[in-house]
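*Asks:* Sequence plus the predicted model coming up.
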Amino acid sequence: MSAVLEVRDLAIALPAGSDRSHAVSRVSFTVTSGEIVCLVGESGSGKSVIAQGIMGLLPKGLPVTAGTILLEGENITHAPPERLRALRAARMSMVFQEPMTALNPVMTCGEQIEEVLREHAALGPAERRAKILAILREVSLPDPERIVAAYPHQLSGGQRQRIMIAMALVLEPALLIADEPTTALDVTTQAQILRLIADLQSRHGTGVLFITHDFGVVAEIAHRVAVLRLGELVELGTKQDVLTRPQHAYTRMLIGSVPSLRPRTRQADANAPVVLSTHGLGKTYRDRSWFGKRRDVRAADDVTLEIRRGQTLGIVGESGSGKSTVARCVVRLIDPTEGDIRLSGQDIARLGAAALRPLRRKVQIVFQDPYRSLNPRRTVEEAVIEGPLNYGVPRREALERARRLMELVRMDPAVLARYPHQFSGGQRQRICIARALAMEPELLIADEAVSALDVSVQAQVLELLEEIRERLSLAMLFITHDLRVAAQICDQVAVMSQGRVVEYGPAASVFGAPRHEYTRALFDAAPGRGFEFAAA
Amino acid sequence: METPDARQYEALSVESAAVVRRESAWQRVKRNWSVRIGGAVLVVLLLVALIAPFLGTVDPTLFDAASRDLLPGQAGEITTLEGETVKHSFLMGSDSFGRDIYSRVVYGTRVSLIVGVATALLALAFGIVLGLSAGYLRWLDGILMRVMDGIMAIPAILIAISLVAMWKGSLLTVVIAIAIPEIPRVTRLVRSLVLTIREEPYVEAALSLGTPTWKIMFSHILPNTVAPLVVQGTYICAAGILTEAILSFLGVGLPPDIPTWGNVMAEGRAQFNEYPHNIFFPGIFLAATVLAVNILGDGLRDTLDPKMAKRV
């Protein structure tokens, strides 16, 4: 097997004034033909910078300062732009994370693939069309004739990613770089795309550099694994070696942080008082226009759930399944159209703003995006004491409570005076949790609260939530798309699909013996199921 | 008492290694060269306006028939209010009444800066109130924005001319007349910002913390519109200074005896061919001021606007 890509002692500098001098330093690895090498690391580890360096797409502020990059034996480290342009798509190509923004919205998919062919291959129009149809068939897109004429917005996320892959592979390059190609996709779509990449790669003998932060995906697709930490390669080896016998402490910590798919067995008290229950909860969005048809979208339909004190109910599902709609109805950020929501026995589904106000305190929510959950113009202290002040708690007492809460979420109370931009994602999420707890709620809703976090930080925040639930006997509603996270934190699990709850029961039985077809499909698609990661 | 458990803050320290220390907006603003240059020119102009009487000027309304149409640098004499005749060097020449153009231009800086800043503040104040209402109170939105569309359909200069014609020409009328056509633009900007910000999770979090609507508007939404509004404010300021000069030039602004750049230029218009300095000097000041304000605005936009910041 020949080396398609050889990276030797690569160093890429960061602009002066950054938190470290190099984005990447002393990184060496090879990708041989027919091999998938996974580059894993947390955010800021430099994995995408390496990909950009290879493709010659580095922004001006990030120059290659040392090392060499060999593509099929040719040194392309400082190759002139014309040479790189000739090599891109023809000998090396790239698939990006977000297929919607990577495709040009005003060109049909056919035109975009044709553009690649026109630039790099001397083919007549008929030959080009034949080649386009052939590659679309190869990436398993249904009805290629229709897809050729379709604009990106007319396709689903998975289909768009297939178009990206078709575009990348149409000239049969020796190297394919896939930068988080499945991160924006639902788990079932992700499984299909991963299978497709593995399929095409083995059929064409392409060398693949696969960049990901998800160890499940690594377990699914990699032959060899390279682990990056703050721009340095800490471990490189076969999948089996790295995932089951990690040598470096950092790799061990990362892999130990990957939640297991096996649900934890905790005896939940079936007689604990019910904090929140919904009966036949529904939310229909009505698209009304003066002319034309009325269009109803049922975002949530007949959702009946129950959460008991000190227990966690998880709602899992893919995007558009209605899980966040349920959460937002329960917090009454949106008004449900059907059914009722009972909070400690009282129906709050149709309460007006004034009647609802005293009850708002009891239900608090932590959102997904830590960067948008805190007002950038207000200090942490102002954020944490805002709620108590609204309910007439004296300022001095609210401040005292804020300091205690900061300790509870494992942060130094001195940070109360700072602004949110000084914190990392995980720290912000801790602050959001403190803000919610300041209200002394009975129910805490976590809407994808750990989804935007790196795996090691995710593990810490999950641990914190678990500890808080136990200590304060909180009821928790945990919304997630990540089955691994759900398995670790939930007592009860509700699986949602297209607005409906398709399966609902204790975590152990839902995970152990899923009854509904959709649940089984979802679990089958979970990347890295059946792979035994090294224990922490 | 025991010291805080080291493990307790472990999470904090592990993560803070990855925290990118981001500069505050103010630090970025200070380092921006456009802001520095534009700001420096404006500071100089502000000083000129403040210490105008000490810059070798005479009362800008004084004239002397003996010193008409002098060229820049020529010496002549001027009669004070007390009837005394004193020697005076006409740095920028004199106009056809024998008034000192240098003094008139220097004093004109006061009018221009006041008009620019006052129109910006007035337009922002009304625009913020109307924009917040339109963005947050959905029932008001339709009516309010159609009225704004209506105002925008009339040329700004035309509105200003009619308003000044209706009232008497004074500083206040001119400021109001220039500010009114700018209000719809600010309203639109604020409304669109409010519509985006009200969907932010931190606003929803405030809602679930039981924060009343007015407090959400003023302590969560409004502070986050400041950066784009500051930028917009500089553009209104520049436009206001220009519009004031245009109104004066057309003879519908401040009374002709008040020294404004537009008035000086209007006065010099008839003799532009023989004595171009009558228009040249106030023109240079006007151009420099508007350019400085716009450069400052560009610099502020580059540093404050999050959409631009991502490109850095």
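*Replies:* All right, it came through fine.

*Asks:* List the contacts of the residue in the stretch 301-450 of chain A that chain B sits nearest to.
*Replies:* Nearest residue of the stretch 301-450 of chain A to chain B (Cβ to the nearest Cβ) works out as A:G387 at 3.6 Å. In this view, the C-beta of every residue, glycine as well, is placed from N, C-alpha and C. Shown in contact with A:G387 (Cβ atoms under 8 Å, 6 or more residues apart in numbering or on different chains): A:361, A:435, A:438-439, B:209-211.

*Asks:* residues from the stretch 151-300 of chain A in reach of chain B?
*Replies:* Residues of the stretch 151-300 of chain A found near chain B (Cβ under 8 Å from any Cβ of the partner chain) are A:L230.

*Asks:* quick one, strands of the stretch 151-300 of chain A?
*Replies:* For the stretch 151-300 of chain A, applying DSSP state E, counting those that start in this stretch gives strands covering A:175-179, A:207-212, A:224-229, A:232-238, A:274-287, A:295-308.

*Asks:* Buried deepest among these, which one?
*Replies:* Greatest average neighbour count among these goes to strand A:207-212 (a mean of 26), per mean count of other Cβ atoms under 10 Å in any protein chain shown.

*Asks:* what pLDDT, on average, does it get?
*Replies:* Mean per-residue pLDDT for strand A:207-212: 94.

*Asks:* Give the pairing partners of that strand; include direction for each.
*Replies:* strand A:36-40 (parallel), strand A:175-179 (parallel) (DSSP bridges).

*Asks:* got the CA coordinates for the first one in PDB?
*Replies:* The C-alpha atoms that make up strand A:36-40 are tabulated as PDB, following Å, rounded to 0.1, in the frame of the first residue of the first chain:
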ATOM      1  CA  ILE A  36      -9.500   5.600   6.800                       C
ATOM      2  CA  VAL A  37      -7.500   7.600   9.400                       C
ATOM      3  CA  CYS A  38      -9.600   9.400  12.000                       C
ATOM      4  CA  LEU A  39      -8.300  12.600  13.400                       C
ATOM      5  CA  VAL A  40     -10.000  13.000  16.800                       C
END
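
*Asks:* distance of A:L14 from chain B?
*Replies:* For A:L14, the distance to chain B equals 10 Å [Cβ to the nearest Cβ, to the nearest Å].

*Asks:* ok, now A:G231?
*Replies:* From A:G231 over to chain B (counting by Cβ to the nearest Cβ), the distance is 12 Å.

*Asks:* The closest residue to that residue other than its chain neighbours: neighbour count?
*Replies:* Using Cβ to Cβ, 6 or more residues apart in numbering or on different chains and skipping residues adjacent in sequence, the residue nearest A:G231 is A:G46, 4.1 Å away. Other residues near A:G46 come to 26 when the count uses other Cβ atoms under 10 Å in any protein chain shown.

*Asks:* Could you list the low-confidence segments of the stretch 1-150 of chain A?
*Replies:* A:1 (pLDDT under 70).

*Asks:* brain fart, chain B
*Replies:* B:1-24, B:305-312.

*Asks:* on that earlier part again, most neighbours among the contacts of A:G387, please name it.
*Replies:* A:R435 (27 neighbours).

*Asks:* Assumed it was part of a helix.
*Replies:* Yes: assigned with DSSP: H, G, I helix; E, B strand; the rest coil, A:R435 falls within a helix.

*Asks:* Run through the residues that contact B:R185.
*Replies:* Per Cβ under 8 Å, 6+ apart, neighbours of B:R185: B:123, B:127, B:152, B:232, B:236.

*Asks:* Mind putting those residues into CSV with secondary structure and distance to chain A?
*Replies:* Output for the contacts of B:R185, formatted as CSV (DSSP: H, G, I helix; E, B strand; the rest coil; distance: Cβ to the nearest Cβ, whole Å):
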residue, secondary structure, distance to chain A
B:A123, helix, 23
B:G127, helix, 20
B:M152, helix, 25
B:Q232, helix, 18
B:I236, helix, 23
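
*Asks:* With respect to A:P59, which of these is nearest?
*Replies:* For these, the closest approach to A:P59 (Cβ to Cβ) belongs to B:Q232, at 29.6 Å.

*Asks:* just checking, that closest one touches B:T187?
*Replies:* No: if you go by Cβ atoms under 8 Å, B:Q232 and B:T187 don't touch, sitting 11.0 Å apart.

*Asks:* ok, those two, which is more surrounded?
*Replies:* Neighbours per residue, other Cβ under 10 Å: of B:Q232 and B:T187, the larger number sits with B:T187, 27 against 23.

*Asks:* now the more buried one: how far from chain A?
*Replies:* Using Cβ to the nearest Cβ, B:T187 is found at 22 Å from chain A.

*Asks:* is it true that that residue lies in a helix?
*Replies:* Yes: assessed by three-state DSSP, B:T187 belongs to a helix.

*Asks:* For chain A, what's the nearest residue on chain B?
*Replies:* For chain B, Cβ to the nearest Cβ, closest residue to chain A: B:L209, 3.6 Å.

*Asks:* check contacts around that residue.
*Replies:* So B:L209 contacts A:360, A:364, A:386-387, A:390, A:435, A:439 (Cβ under 8 Å, 6+ apart).

*Asks:* wait, which of the residues you listed is closest to A:A90?
*Replies:* Minimum distance to A:A90 across the contacts of B:L209 is 52.7 Å, recorded for A:R435 (Cβ to Cβ).

*Asks:* Just the pLDDT at that closest one, thanks.
*Replies:* 94.

*Asks:* Residue numbers of the stretch 101-250 of chain B in contact with chain A?
*Replies:* Going by Cβ under 8 Å from any Cβ, the residues of the stretch 101-250 of chain B near chain A are B:200-212, B:215, B:219-220, B:223-224, B:226.
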